[in-house]
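Engineer: I'll drop the sequence and a predicted model, then ask my questions.
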Amino acid sequence: MKFQENNADTYPSIQEPIIYFLLDKEEVVYVGQSKFGMGRPYQHKDKIFDKISVLKCSEKDLDALETEYIEKYKPKYNKKIGNTHYSLARTKRIIKENTNIHDFNIYDLNKILKKLDISTYEFKGTDYITSLDFDRIFSFVKKTSDGIFERNIWKKKVFN
């Protein structure tokens, strides 16, 4: 799909969060995110593109915007992971930001994966889960953390 974002190409400062688009002849071939500006887009040596466009955004909006643009453009290089898979780091971050358990960590997530019998798979050195498994995990944490603000109390309730 041809690139359509009107407010793109406003270049961020070095440490500013962005959504970036790799383009080949104005066709979006990859959508990515970076918390630290333009360093990440130039690391895609395995992809064919002739232009980079960026959108500044807040760090908390990175995941949602990246998913939105992947759904919109369906870029050829995003298909392996796309918007239907979540890295464990992304899963942890979403849970921390959207539940009462603000100190939720990767160890908690691994215990939940085991408890719910969810398998991960590796892609380019990163572990991922499907969106269906993400939904199961997120629902589980929301349900079990309701009204609990301390991780240790939540852990005793869930894992003991």
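Structural biologist: Done, it's in.

Engineer: other SSEs contacting the helix or strand containing I95?
Structural biologist: If you go by DSSP states H and E, I95 is part of helix 88-98. Using 3 or more C-beta pairs under 8 Å, 6 or more residues apart in numbering; DSSP states H and E, the elements in contact with helix 88-98 are helix 62-73, helix 106-115, strand 126-130, helix 131-145. Placement of C-beta: from N, CA and C, glycine included.

Engineer: at 10 Å instead, please
Structural biologist: Here helix 88-98 touches helix 62-73, strand 85-87, helix 106-115, strand 126-130, helix 131-145, going by 3 or more C-beta pairs under 10 Å, 6 or more residues apart in numbering; DSSP states H and E.

Engineer: what sits up against that helix?
Structural biologist: 33, 59-60, 62-64, 66-67, 86-87, 101-110, 112-113, 120, 126-129, 133-134, 137-138, 140-142, 145 (C-beta atoms under 10 Å, 6 or more residues apart in numbering).

Engineer: 7 Å - rerun?
Structural biologist: If you take C-beta atoms under 7 Å, 6 or more residues apart in numbering as the criterion, helix 88-98 is touched by 60, 63, 101-102, 104-106, 109, 120, 127, 129, 134, 137-138, 141.

Engineer: from those, list the buried ones, please.
Structural biologist: Among these, those buried by neighbour count (16 or more other C-beta atoms under 10 Å) are D63, I101, F104, L109, T120, D127, I129, F134, I137, F138, V141.

Engineer: if we ignore the residues flanking it in sequence, what's nearest the fifth one?
Structural biologist: Nearest in space to T120, with sequence neighbours left out and distances taken as C-beta to C-beta, 6 or more residues apart in numbering, is D127 at 4.2 Å.

Engineer: show me what that neighbour is bridged to.
Structural biologist: E122 (DSSP bridges).
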